[in-house]
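> Have a look; sequence and predicted model below, questions after that.
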Amino acid sequence: MHHFTEFGLSNTKEMLERAEKGHYAVPAFYPISIEQFNAIGDVIIATKTPMILLASPNLFRQLEPAMLSRLAQGLVDRVREAGIPSPIALHLDHGHTYEECVAAIENGFSSVMIDGSLLPFEENIALVKRVVEYAHRHDVSVEAELGILSGDEEDASKAGVETLYTDPNKAIEFIRRSGCDSLAISIGTQHGLVKMKPNPDGSLPELRYDILDAIEKEIPDFPIVLHGSSNIDRRFVEMINEHGGKVAETVGIPDKEISKAATRGVAKVNIATDGWICALAHTRRLLDEHPEAIDSRVFTLKTRAEMKELYLHKINVLGSANHYYE
């Protein structure tokens, strides 16, 4: 059993409470390579932003939870050696079982998400309460999800066909009864490469800020989480396709919508797809330019700077720079 403080990690509860009250959102980035870990460290040092590192059960299978904790520790050590006090958390994203959450906590994760959104309402509450009871004994905060986001959070190639909105009254009841520390809801975003369902005329709808307002009115200062929030820059999609890829329809969330949500109660915004397509686009380009390469560092070392620029932009969109605390 490892407590997250052994790795210099921070609990997300205070991070998100400060963000909600400060009208900004904490970036939650999903690194799946060493270059992405390093680029995230670069932007923390450059901007003094709080940061949440996302890891799903799929990443468990790729790197193992114990390895992830130590990678996070290495990042924390580097940031601290640079004199930056920004809080950094390691978060289980979309844990689907009690056992997955326990495994994350035992291996030093500082917060977990238990995703019971596909369960009936009462079963979802019961599962969250069980995870909360265990997690809180170890000072770990718990994110839950209510309302279904279309698409597949683990496979961005599977685009959703509709967006389902969270009922704010159900969200209020859920928060009060489950004991969760933050809640992911749907206000118009979805997983996959189609993040938002366009209007019949092709324009994009605004996010449902009225849902955020309704929850804030009843439970002030409660942190809301937004998933499926990548912008999906067309430059990266075109670069992927130009260099041998095959990415079809994409619809991202406009930056202005995410910035607005960050001032209206959304305290954490998950960004996965944007980081992945940026890295993939530049990898495909570099492999095309260096067909003789047998050393992967020909492309991996060069993607770090590109990732840094992307993450700097995201932090600007979320307004999280300089919101560190001792």
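Good, I have the coordinates. Residues are numbered from 1 along each chain as shown.

> In this protein, where is pLDDT below threshold?
Along the chain, the model assigns pLDDT under 70 to residues 147-164, 326.

> Nearest the geometric middle of it, what residue?
For the chain, the residue whose C-alpha lies nearest the mean C-alpha position (CA atoms, centre = their mean) is Asn270; its distance is 2.4 Å.

> Doesn't it lie inside a helix?
No - judged by DSSP: H, G, I helix; E, B strand; the rest coil, Asn270 forms no part of a helix; its state is strand.

> Bridged to it, which residues?
When bridges are taken as DSSP bridges, the partners of Asn270 come out as Ala28.

> can you dump the C-alpha coordinates of stretch 134-141 into CSV?
C-alpha atoms of stretch 134-141 as CSV (Å, rounded to 0.1, in the frame of the first residue of the first chain):
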residue,chain,number,x,y,z
TYR,A,134,-12.8,3.4,0.9
ALA,A,135,-11.1,6.4,-0.8
HIS,A,136,-11.8,8.9,1.9
ARG,A,137,-10.2,6.6,4.5
HIS,A,138,-7.0,7.2,2.5
ASP,A,139,-7.5,10.9,1.9
VAL,A,140,-8.3,10.2,-1.8
SER,A,141,-11.0,12.2,-3.5
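
> that older thread, I'd like to check which residues are in contact with the residue nearest to the centre of the chain.
For Asn270, the set of contacting residues under the criterion of CB atoms under 8 Å, 6 or more residues apart in numbering consists of 28, 30, 54, 93, 225-229. Where you see a C-beta, it was placed from the backbone N, CA and C, and this is true even at glycine.

> Longest strand in this protein, please.
As assigned by DSSP state E, the longest strand anywhere in the chain is strand 88-95.

> Residues touching it, excluding its own?
Outside of strand 88-95, the residues within contact range by CB under 8 Å, 6+ apart are 4, 7-12, 15, 28, 30, 44, 50-57, 68-69, 72, 75-76, 79, 100-101, 104, 108-115, 143, 153-154, 270.
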